[in-house]
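Trainee: My questions concern the predicted model and sequence given below.
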Amino acid sequence: MTGSTRTGLGQVGIWTFAYEGQPAGRVRESAAELEELGYGAIWYGEAFGRDTVGQAWLLLSATRRITIASGIANIAFRDPLATAGAARTIGEAFPGRYVLGLGGHRIDDTVHEVSGYPVPARGRALSTMRGYLDAMDATPAHGPRPDPAPPRVLAALGPKMLRLAAERTWGAHPYFVPVEHTVRARRIMGPDAFLGVEQAVVLETDPARAREVATAHVAGYLAAAPHQEANVRRLGFGDQDIIGGPSRRLVDAIVAHGDADAVLRRVQQHLDAGADHVCLQVLTADPAALPDREWRELAPALLPRTSRRAVQDSTAM
């Protein structure tokens, strides 16, 4: 597999929401296995299960080398001062192993309904994120400072947020995007910003079964996340792809499905388009279950043999 390796995350990582619903012991075992398999990073979401700071500590303490990245820490759930302090503490405790992904739905009315957190009017995502970064940067730091400081990335989709990510942070972590978005993101952000792309996959060779799982995933986001619908429309998908359920064209663009070689081809397409890192979200018929079998099956096809051998040798010492 070819592509940039200028980051410390490697070219391929794992993205998962499933850790939120798993017991801590099970999460530790799973993270340690992903590290042994040779994946470069573990990205985890944050919804209404384990909070992002606790999840980071759990995953970092269960592993020794792999990068742990929040994908993303929801800015609607915590004050910028708390986020800045947590990032400094985690960065000091686990130097060079933590990436703070920021994003979320502070502009979404559902956040107010769930948490009571005051939210600004709709349509102010850019100014809200810029203000959040300003507040984090202005937070006084007492005590030790991590060296290096944990890098920050933004859950950026649109051109303005992508530019902000390139200007104010390490780069961008786009979610629910086809390869065409990676091409645009790299062009907008320039050659130096980090671009770590989430890619949903279904490891299933029966097209009908694979598309059933993939369609449910795509339909769920189109129904619940207006910003995701707006993004796919910017990329050329229209009413015929969205209204009444996602079209096959849209489903296949968002979710790679088939065998490990099919997943490899999609990963390579993102790398060729300018991604530095691709983190795979494996979808199954049971979203709450850990896809351990699929993670193991994908590793030999996607990860460099030298990387896996180095990991195996170091764990044997």
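Mentor: Sure, I can see it.

Trainee: need the contact list for residue 280.
Mentor: Neighbouring residues of residue 280 by CB atoms under 8 Å, 6 or more residues apart in numbering: 12-15, 199-201, 263, 267, 298, 302. (Glycine included, C-beta is placed from N, CA and C.)

Trainee: my bad, residue 31
Mentor: Contacts of residue 31 (CB under 8 Å, 6+ apart): 42, 58-59, 62-63, 66.

Trainee: In strands only, show me those.
Mentor: residue 42 (DSSP state E).

Trainee: what would the contacts of residue 31 look like in a markdown table with neighbour count and distance to residue 183?
Mentor: As requested, these are exported to a markdown table (neighbours: other CB atoms under 10 Å; distance: CB to CB, whole Å):
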| residue | neighbour count | distance to residue 183 |
| --- | --- | --- |
| 42 | 27 | 26 |
| 58 | 19 | 36 |
| 59 | 27 | 31 |
| 62 | 21 | 36 |
| 63 | 20 | 33 |
| 66 | 26 | 28 |
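
Trainee: Out of the contacts of residue 280, flag the one nearest to residue 176.
Mentor: Compare each of the contacts of residue 280 with residue 176 using CB to CB and the shortest gap goes to residue 200, at 7.4 Å.

Trainee: For the helix or strand hosting that closest one, which helices and strands make contact with it?
Mentor: Taking DSSP states H and E as the definition, one finds residue 200 inside strand 194-203. Helices and strands touching strand 194-203, by 3 or more CB pairs under 8 Å, 6 or more residues apart in numbering; DSSP states H and E, are strand 41-44, strand 171-172, helix 179-189, helix 207-224, strand 255-258, helix 260-273, strand 277-282, helix 292-302.

Trainee: and the gap between residue 188 and residue 56?
Mentor: According to CB to CB, to the nearest Å, residue 188 stands 29 Å off from residue 56.

Trainee: So between the two, which is more surrounded?
Mentor: Shown here are residue 188 and residue 56; by other CB atoms under 10 Å, residue 56 has more neighbours (28 against 18).

Trainee: element containing the more buried one, please.
Mentor: Residue 56 is part of helix 52-61, with elements assigned from DSSP H and E.

Trainee: can you give me how far that helix is from the chain middle?
Mentor: Helix 52-61 has its C-alpha centroid displaced from the chain centroid by 15 Å (CA atoms, centre = their mean, to the nearest Å).

Trainee: hey, C-alpha coordinates of that helix in CSV?
Mentor: Output in CSV follows, covering the C-alpha atoms of helix 52-61 (Å, rounded to 0.1, in the frame of the first residue of the first chain):
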residue,chain,number,x,y,z
THR,A,52,-14.2,11.0,25.8
VAL,A,53,-11.7,11.7,28.6
GLY,A,54,-12.5,8.5,30.5
GLN,A,55,-12.3,6.5,27.3
ALA,A,56,-9.0,8.0,26.4
TRP,A,57,-7.5,7.0,29.8
LEU,A,58,-9.0,3.5,29.5
LEU,A,59,-7.5,2.9,26.0
LEU,A,60,-4.1,4.5,26.7
SER,A,61,-3.6,2.6,29.9
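
Trainee: In the stretch 51-200 of the chain, where is pLDDT below threshold?
Mentor: By pLDDT under 70, the weakly predicted segments of the stretch 51-200 of the chain are 105-123.

Trainee: Start from the N-terminal end of it and give the helices.
Mentor: Assigned by DSSP state H, counting those that start in this stretch, the stretch 51-200 of the chain shows helices spanning 52-61, 80-93, 109-115, 125-138, 159-168, 179-189.

Trainee: residues in contact with the spatially most central residue of the chain?
Mentor: Nearest to the geometric centre of the chain sits residue 71, at 4.0 Å (CA atoms, centre = their mean). The contact partners of residue 71, by CB under 8 Å, 6+ apart, come to 15, 43-45, 101, 155, 173, 175, 198, 279.

Trainee: With distance to residue 237 as new columns, can the helices of the stretch 51-200 of the chain be given to me in JSON lines?
Mentor: Shown next, in JSON lines, are those (distance: least, CB to CB, whole Å):
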{"stretch": "helix 52-61", "distance to residue 237": "30"}
{"stretch": "helix 80-93", "distance to residue 237": "33"}
{"stretch": "helix 109-115", "distance to residue 237": "24"}
{"stretch": "helix 125-138", "distance to residue 237": "21"}
{"stretch": "helix 159-168", "distance to residue 237": "17"}
{"stretch": "helix 179-189", "distance to residue 237": "10"}
